[in-house]
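Chemist: The following block contains a protein sequence and its predicted model.
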Amino acid sequence: MRLKMNIFRKMVLFIVLLLIPIVLLYGFSNRVSIEVVEEEIQNSNLNRISFFTSQMDSVIDQLSIIPIIVSKDRSIQELLKTTKEYEQLQLQEAIVGKLILLSATSSWSNRLTIYLPGLKQAISSDYNGVYDPDFFRSSIKPDWEYHALPAGDSYFAKFILSPLISYKNPEDAEAVTEVRFSRRNVMNMLADYKQDGKGDPFLYSPGTGPIVSSAANEALIGELTSYLNGQQLSPMGHRIVELRHEKYLVGYVQSKSLGWYVVDYLPLQQILSPIVKSRNLFYGSIALLLAMSVVVALMLYKQVQIPIQLLLRGVQGIQAGKYALRLNHRPNNEFEYVFARFNEMAAQIQELLEKVYMEHIRFREAKLKQLQSQINPHFLYNCLFFIKNTIAVGDKHAATEMVVNLGDYFRHITKLENTMTTLHEEMKLVQNYLNIQNLRMDRFHYEIDIPDSMAQLEIPRLLIQPIVENAIIHGIGKSERYGIVTITGQRQWGENKIVIDDNGIGMSPRSWRSCSIKYRFRWIKR
């Protein structure tokens with residue numbers, strides 16, 4: 001008991017020593033996780049949106065400069081002054097070529113168009129410009145404007161009038177330069193931004209439908225824009241919004257060029273992923289502790305408990321008579337010496353028992369062979385005497401049949417190398433014996449009914465023949481009526497039974513009580 005208590009105290013101390021570094025490691029990892037989350041919330045999200053917004057503004061500002069460059073081109077002034085149609089065509093082609101070159105300088109697909117109210121003409125980089133007088137009767141603003149087309153591709157457009165004072169009355173302007181770009185440029189840029197990060201960005205303006213990427217969750221963005229329409233937004237910031245029973249971190253930055261907001265949202269579950277990793281690390285530490293505890297327990301079990309159990313089973317096996325049992329386990333400790341002495345003891349006991357057992361077997365075999373030698377001479381004399389008489393009277397058939405059955409009979413009983421035989425072989429011997437006796441007496445017949453399932457059962461040699469012989473000699477031989485001998489095999493309740501009956505004179509009650517066998521025996525199915 002004291003030994004068990006000492007082991008228990010050592011195990012408790014070992015586990016406590018393991019818990020201390022694990023708890024310290026968890027505290028450190030938890031603090032790091034909190035710092036990472038704070039930094040992710042405050043800096044990373046807004047920095048990424050700001051960087052994306054600055055990239056988009058850079059491209060838009062580049063497009064904003066192109067109309068100014070076009071408006072300063074001399075070819076436009078020359079086109080307004082000339083009256084010759086051929087020169088006008090040449091100038092128009094030159095202007096188109098310049099517009100195409102300027103349009104190609106931007107990474108976004110765009111369209112440049114010059115409207116000439118004095119000539120009622122429109123010159124475009126893609127030859128699709130159409131002059132519309134009604135367009136100039138409306139007010140034109142110098143900022144970017146979004147044109148939503150329900151049946152076509154929506155676009156952003158900006159106008160530069162020459163001279164600039166013509167914004168009040170666009171019809172008086174000498175030239176109006178328009179630059180426009182499709183919203184698909186913004187959608188592609190949002191898609192690239194989404195591939196680089198974990199969010200789902202979109203372009204938002206109060207009261208206007210959002211511009212999203214092709215793979216965006218439009219249903220969720222629709223709910224988010226409905227929420228943002230009722231909020232007063234600063235140029236930059238972030239908010240926590242709950243949608244569909246889930247919290248999202250929403251960050252937004254206003255574009256200086258367009259005036260729209262670039263909005264990005266992230267599920268808080270993704271933001272808190274460092275904390276989840278920290279928690280998993282803690283669970284991993286606990287699992288490591290349990291694994292190490294199991295290893296220690298297994299070591300104690302292997303070094304102490306298993307040897308004791310094996311030794312106990314070995315003693316129980318010797319007690320149950322399993323003297324061939326050996327302990328092959330090698331614990332590499334003090335138990336190995338005990339196991340070696342146990343195996344030596346078991347080997348000595350087995351050797352002594354085998355010597356006694358073999359002596360007993362040799363004694364039984366000698367006794368059986370002696371019994372067989374006592375039976376054979378008497379029976380052989382009677383058979384030879386019968387053969388002599390049948391030859392004397394000229395009955396060659398009876399003599400031949402006697403010789404054949406006698407030969408088969410002696411071939412069976414002279415096989416002394418094995419004291420066991422099958423029931424099938426034993427019944428062949430019995431049949432030879434009955435044929436021999438029937439030739440001698442000729443006043444009985446026999447019936448043998450043994451199931452095929454019992455034919456291969458092993459029994460001692462000459463077990464049934466002496467009983468049949470007793471039935472012939474003492475039963476039928478002393479009776480004056482015609483004799484009948486029946487030999488049947490039965491199988492009941494897992495047992496095999498051979499029944500030998502005859503209609504001879506029978507036995508007296510006194511003889512029955514003194515006789516241990518009434519011509520029947522049985523054995524358990526093997």
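Modeler: Noted; the coordinates are in hand. Numbers count the residues shown, from 1 in each chain.
Chemist: Grab the longest helix from this protein for me.
Modeler: helix 334-392 (DSSP state H).
Chemist: And the next helix or strand past it?
Modeler: Following helix 334-392 in sequence order, the next helix or strand is helix 396-413 (DSSP states H and E).
Chemist: picking that back up, off-centre distance for the longest helix of the chain?
Modeler: 59 Å (CA atoms, centre = their mean, to the nearest Å).
Chemist: so where's the stretch 101-250 of the chain shaky on pLDDT?
Modeler: 136-139, 151-152, 166, 196-198 (pLDDT under 70).
Chemist: all strands of it, in order?
Modeler: 110-116, 121-124, 145-147, 155-162, 175-182, 202-205, 208-212, 236-243, 246-254 (DSSP state E, counting those that start in this stretch).
Chemist: Contacts for the shortest one, please.
Modeler: Residues lying outside strand 145-147 but in contact with it, judged by CB atoms under 8 Å, 6 or more residues apart in numbering, are 154-158, 180, 183, 205, 208, 258, 260. Yep, even glycine has a C-beta here, placed from its N, CA and C like the rest.
Chemist: Which of those residues lies at the shortest distance from E425?
Modeler: R183 (103.2 Å; CB to CB).
Chemist: My guess is that closest one contacts V212. True?
Modeler: No: between R183 and V212 there is no contact under CB atoms under 8 Å: 9.9 Å.
Chemist: Of these two, which one has the most company?
Modeler: When neighbours are counted by other CB atoms under 10 Å, R183 and V212 differ, and V212 comes out ahead with 23 against 18.
Chemist: That one: what's it in contact with?
Modeler: V212 neighbours (CB under 8 Å, 6+ apart): 187, 190, 200, 202-203, 218, 221.
Chemist: again, only this time at 7 Å
Modeler: 190, 202, 218, 221 (CB atoms under 7 Å, 6 or more residues apart in numbering).
Chemist: Pull up the gap between L272 and I41, please.
Modeler: 10 Å (CB to CB, to the nearest Å).
Chemist: now do S214
Modeler: 28 Å.
Chemist: Between these two, which has more neighbouring residues?
Modeler: For S214 versus I41, neighbours defined as other CB under 10 Å are more numerous around I41 (18 against 10).
Chemist: ok, that one - contacts?
Modeler: 249, 271.
Chemist: Apply 10 Å and report the result again.
Modeler: Contacts for I41 (CB atoms under 10 Å, 6 or more residues apart in numbering) come out as 238, 240, 249, 251, 266, 268, 271-272.
Chemist: ok, of those, which come out buried?
Modeler: 238, 249, 251, 266, 271-272 (16 or more other CB atoms under 10 Å).
Chemist: tell me which of these is nearest to L17?
Modeler: Scanning the buried ones among the contacts of I41 for proximity to L17, where the rule is CB to CB, the winner is L272, at 32.3 Å.
Chemist: how many other residues sit next to the residue nearest to that closest one when sequence neighbours are not counted?
Modeler: What sits nearest to L272 in space, not counting adjacent residues and going by CB to CB, 6 or more residues apart in numbering, is V37, at 6.3 Å. Neighbour count for V37, taken as other CB under 10 Å: 17.
Chemist: Toward the C-terminus from the helix or strand hosting V37, list the very next helix or strand.
Modeler: If you go by DSSP H and E, V37 is part of helix 2-39. With elements assigned by DSSP H and E, the helix or strand that comes after helix 2-39 is helix 45-71.
Chemist: sorry, back to before: find residues that contact each of L272 and I41.
Modeler: L249.
Chemist: Please, which helix or strand holds I436?
Modeler: Judged by DSSP H and E, I436 forms part of helix 423-441.
Chemist: now V338: how far from G314?
Modeler: For V338, the distance to G314 - CB to CB - is 10 Å.
Chemist: again with E40
Modeler: E40 sits 65 Å away from G314, taking CB to CB as the criterion.
Chemist: Against Q92, how distant is E85?
Modeler: 10 Å.
Chemist: I meant to write N280 there.
Modeler: With CB to CB as the criterion, N280 and Q92 are 69 Å apart.
Chemist: to the chain's geometric centre, what's the distance from the helix holding I436?
Modeler: 67 Å.
Chemist: for the record, mean pLDDT for that helix?
Modeler: Regarding helix 423-441, the rounded mean pLDDT is 84.
Chemist: For D143, which residues are in contact?
Modeler: So D143 contacts 64, 158-159, 257-259 (CB under 10 Å, 6+ apart).
Chemist: how does it look with 6 Å?
Modeler: Contact analysis of D143 by CB atoms under 6 Å, 6 or more residues apart in numbering lists nothing.
Chemist: which of the residues in stretch 156-171 are buried?
Modeler: Quick answer for stretch 156-171 (16+ other CB under 10 Å): 156, 158-162, 166-167, 170.
Chemist: Out of those residues, which is nearest to E78?
Modeler: Nearest member of the buried residues of stretch 156-171 to E78, counting by CB to CB, is S162, at 13.9 Å.
Chemist: looking at the sheet around T113, what are its partners?
Modeler: With DSSP bridges as the criterion, T113 is bridged to S124, E178.
Chemist: Distance-wise, check it relative to K388.
Modeler: From T113 to K388 the distance is 146 Å (CB to CB).
Chemist: Nearest residue to L25 in space, ignoring adjacent ones along the chain?
Modeler: Closest to L25 by CB to CB, 6+ apart is S285, at 6.1 Å.
Chemist: Next up, phi/psi of that neighbour, please.
Modeler: phi -70, psi -40 (degrees, to the nearest 10).
Chemist: swap in S154?
Modeler: phi -70, psi 160.
Chemist: contacts for stretch 161-171?
Modeler: Residues contacting stretch 161-171 (CB under 6 Å, 6+ apart): 71, 117, 136, 140, 172-176.
Chemist: Closest one to P460 out of the residues you listed, please.
Modeler: I140 (126.1 Å).
Chemist: That closest one contacts F159, doesn't it?
Modeler: Yes: using CB atoms under 6 Å, I140 is in contact with F159, at 5.0 Å.
Chemist: hang on, the earlier thing: buried sites along the helix holding I436?
Modeler: In helix 423-441, counting by 16+ other CB under 10 Å, buried: 423, 425-427, 429-440.
Chemist: who's in contact with that helix?
Modeler: Contacts for helix 423-441 (CB under 6 Å, 6+ apart): 386, 398, 402, 405, 408-409, 412, 446, 450, 454-455, 457, 459, 464-465, 468, 472.
Chemist: what do you get if the cut-off is 7 Å, keeping everything else the same?
Modeler: 383, 386, 398, 401-402, 405-406, 408-409, 412, 444, 446, 448, 450, 454-457, 459, 463-465, 468-469, 472, 485, 487.
Chemist: swap in stretch 175-190?
Modeler: 56, 63, 66-67, 70-71, 76, 108-116, 153-162, 170, 201-203, 211-214.
Chemist: buried sites along the helix or strand harbouring V468?
Modeler: Take DSSP H and E as the rule and V468 turns out to sit in helix 465-470. For helix 465-470, the neighbour count (16+ other CB under 10 Å) marks 465, 467-470 as buried.
Chemist: Now the two most distant members of these.
Modeler: Farthest apart among these - using CB to CB - are Q465 and N470, which lie 9.7 Å from each other.
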